[in-house]
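S.K.: Turn this into a model:
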Amino acid sequence: MTVLSELRMQPSAALHTGWDASRTARLVLTGAVIFMLLIGANLATPLYPLLQQQLGLTSLGTTVAFVSYVLSLIVTLLAAGHWSDHIGRRAALLLAVLVGLTGGIVFAFAGNLLMLSVGRALQGVAVALATGASAAALRELLPSRPEWASRFTLLASAGGVAAGPAIGGVLSQLPGPTSAPFAVHSAILLLLLIPLYLVKARPAINAEGQTFRVLAPRRPAVSREARGAFWLASLVGFLSFSIFGFCLSLAPGYVAHVLDIDSRPVVGLLAGTTLAASALSQLLAVRGRFVVPIGLTVLGLSVVLMAVSLMLANPFLLVFASIMAGLGQGISFRTVFNDVAGKVEASSHAQIISTVYVITYLGSAVPVLGLGWAATQFGTAAAVNVFAGLCGLAGLILAWVAFRAGRRSMPRQELIYQG
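M.R.: Predicted coordinates for the structure are as follows:
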């Protein structure tokens with residue numbers, strides 16, 4: 001079966017050709033797609049200081065390039081977040097890789113802010129197409145282990161974002177520092193297209209007897225049972241990605257200046273530390289009714305500590321605060337993400353998870369764009385300190401909300417016992 005026939009939403013009876021991959025192979029392939037696309041979307045993080053010099057970009061220009069990725073991602077999630085429910089997971093993932101490949105090439109050869117933004121926007125479209133499809137595919141491949149499906153989703157996502165800056169910094173040591181990372185990444189994406197094309201596609205959940213009208217943008221609807229979990233996951237995601245957005249946009253240049261670091265690999269490694277800690281936290285078996293409020297408290301305090309470490313120009317304190325912020329974020333977001341994913345019907349899983357990510361990624365757009373504007377107007381140090389303070393306060397507020405929610409979910413006898 002070809003991708004074109006999937007895009008025509010051909011009846012499942014025709015799904016008989018292709019590589020009948022094992023479940024393990026499908027898990028690896030699905031995770032590899034979102035992992036590699038997010039690596040590509042973050043290769044440029046340690047290159048921004050160099051691009052600022054080459055193209056004469058201001059702090060606001062850097063955030064514009066970064067936010068163009070986020071905004072296109074959000075728009076695509078809203079418009080096409082449900083597509084994989086109708087055309088199939090394989091078709092959506094293959095399209096995502098093709099668009100991501102195009103975006104990386106455009107960004108690599110961009111000579112001005114406009115082309116940088118176009119390349120970033122195409123990368124955003126690619127990540128959006130893969131986000132809901134990969135999350136839904138992993139849950140379908142692990143129907144009896146939903147928690148591990150969520151862990152794999154977040155491990156691949158956070159891992160890709162964390163690895164991108166480090167890999168970008170290392171590959172920038174090759175000739176052509178702003179294009180070589182994307183050339184290597186494009187070659188890997190081309191190789192990834194081969195198994196994606198050959199694998200035997202599983203039937204789409206909602207493919208039978210439908211027209212292209214089902215692909216039109218739709219207003220997401222969340223069931224009453226999942227509504228509370230949906231909003232908590234979305235707000236935790238919004239805060240998380242506000243902090244991640246700072247780490248991946250303005251932070252590299254600011255950290256390099258404050259700590260007097262010239263090495264792009266080191267800058268990339270520092271930028272991805274919080275994301276790497278978040279990814280590794282998915283391997284920790286942490287459970288409990290109050291895991292979320294504790295994790296959010298750690299996140300809020302740690303981001304303030306990150307700002308303090310930059311004021312003191314203390315790299316060891318910065319690394320410690322970054323790791324703690326990532327651990328707090330990873331554990332709390334995994335818990336709320338798994339909660340909402342478990343309460344959503346299978347037929348609308350990709351759509352609802354995509355909507356969670358719409359609100360989540362807004363955190364990487366609106367606050368980060370405001371941060372870039374504030375840095376231009378009042379100086380980077382002042383903007384970063386205020387931003388960190390607001391994020392810390394938001395973390396503590398959300399921790400209190402999660403604590404109250406956890407208390408309400410306790411059995412009455414347990415509440416009486418605890419007094």
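S.K.: ok, residues contacting stretch 276-284?
M.R.: The set of residues external to stretch 276-284 that reach it, using Cβ atoms under 8 Å, 6 or more residues apart in numbering, is 151-152, 154-155, 158-159, 162-163, 166, 240, 322-327, 329-331, 333-334. For glycine as for every other residue, the C-beta is placed from the backbone atoms N, C-alpha and C.
S.K.: middle-most residue in this structure, spatially?
M.R.: Nearest to the mean C-alpha position of the chain, counting by Cα atoms, centre = their mean, stands S157 at 5.3 Å.
S.K.: so L198 sits right up against A25, yeah?
M.R.: No: with the criterion set as Cβ atoms under 8 Å, L198 and A25 do not qualify as a contacting pair; they are 10.9 Å apart.
S.K.: Would you agree G111 falls within a strand?
M.R.: No: read with DSSP: H, G, I helix; E, B strand; the rest coil, G111 is coil and lies in no strand.
S.K.: And it, how far from F66?
M.R.: Using Cβ to Cβ, to the nearest Å, one obtains 18 Å as the distance from G111 to F66.
S.K.: neighbour-wise, which of these two wins?
M.R.: When neighbours are counted by other Cβ atoms under 10 Å, F66 comes out ahead of the other of G111 and F66, with 26 against 9.
S.K.: Pull up the per-residue confidence for the more buried one.
M.R.: Looking at F66, its pLDDT reads 78.
S.K.: Assign a three-state SS to it, would you?
M.R.: For F66, the reduced secondary structure class is helix; criterion used: three-state DSSP.
S.K.: any idea how far D262 is from the spatially closest residue to it that is not a sequence neighbour?
M.R.: Excluding its sequence neighbours, the residue lying closest to F66 (Cβ to Cβ, 6 or more residues apart in numbering) is S249, at 4.2 Å. Distance check for S249 against D262: by Cβ to Cβ, it reads 20 Å.
S.K.: A307 now?
M.R.: Noted for A307: a distance of 23 Å to D262, by Cβ to Cβ.
S.K.: ok, these two, which is more surrounded?
M.R.: In this comparison of A307 against D262, neighbours counted by other Cβ under 10 Å, the higher total goes to A307 at 21 against 8.
S.K.: by contact count, what packs against the helix or strand hosting the more buried one?
M.R.: Counting by DSSP states H and E, the element that carries A307 is helix 291-311. Judged by 3 or more Cβ pairs under 8 Å, 6 or more residues apart in numbering; DSSP states H and E, the packing partners of helix 291-311 are helix 224-248, helix 251-258, helix 315-343, helix 380-408.
S.K.: Give the buried residues for it.
M.R.: Buried residues in helix 291-311, defined by neighbour count with 16 or more other Cβ atoms under 10 Å: 291-307, 309-310.
S.K.: Please work out the average pLDDT along that helix.
M.R.: In the prediction, helix 291-311 has an average pLDDT of 95.
S.K.: cool, stretch 119-138 as well?
M.R.: For stretch 119-138, the mean pLDDT works out to 89.
S.K.: Equivalent analysis for stretch 359-378, please.
M.R.: Over the span of stretch 359-378, the pLDDT mean works out to 86.
S.K.: same deal with stretch 71-83?
M.R.: Mean predicted confidence for stretch 71-83 is 84.
S.K.: and it, how far out from the chain's middle?
M.R.: Between the centre of stretch 71-83 and the centre of its chain there are 13 Å (Cα atoms, centre = their mean, to the nearest Å).
S.K.: Kindly export it (C-alpha atoms) in PDB.
M.R.: Provided in PDB are the C-alpha atoms of stretch 71-83 (Å, rounded to 0.1, in the frame of the first residue of the first chain):
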ATOM      1  CA  LEU A  71       3.700  29.500  15.900                       C
ATOM      2  CA  SER A  72       3.700  27.300  12.800                       C
ATOM      3  CA  LEU A  73       3.700  24.200  15.000                       C
ATOM      4  CA  ILE A  74       0.700  25.500  16.900                       C
ATOM      5  CA  VAL A  75      -1.300  26.400  13.800                       C
ATOM      6  CA  THR A  76      -0.500  23.000  12.300                       C
ATOM      7  CA  LEU A  77      -1.600  21.200  15.500                       C
ATOM      8  CA  LEU A  78      -4.900  23.100  15.400                       C
ATOM      9  CA  ALA A  79      -5.400  22.500  11.700                       C
ATOM     10  CA  ALA A  80      -4.000  19.000  11.300                       C
ATOM     11  CA  GLY A  81      -3.600  17.500  14.700                       C
ATOM     12  CA  HIS A  82      -6.300  14.900  14.000                       C
ATOM     13  CA  TRP A  83      -5.100  13.800  10.600                       C
END
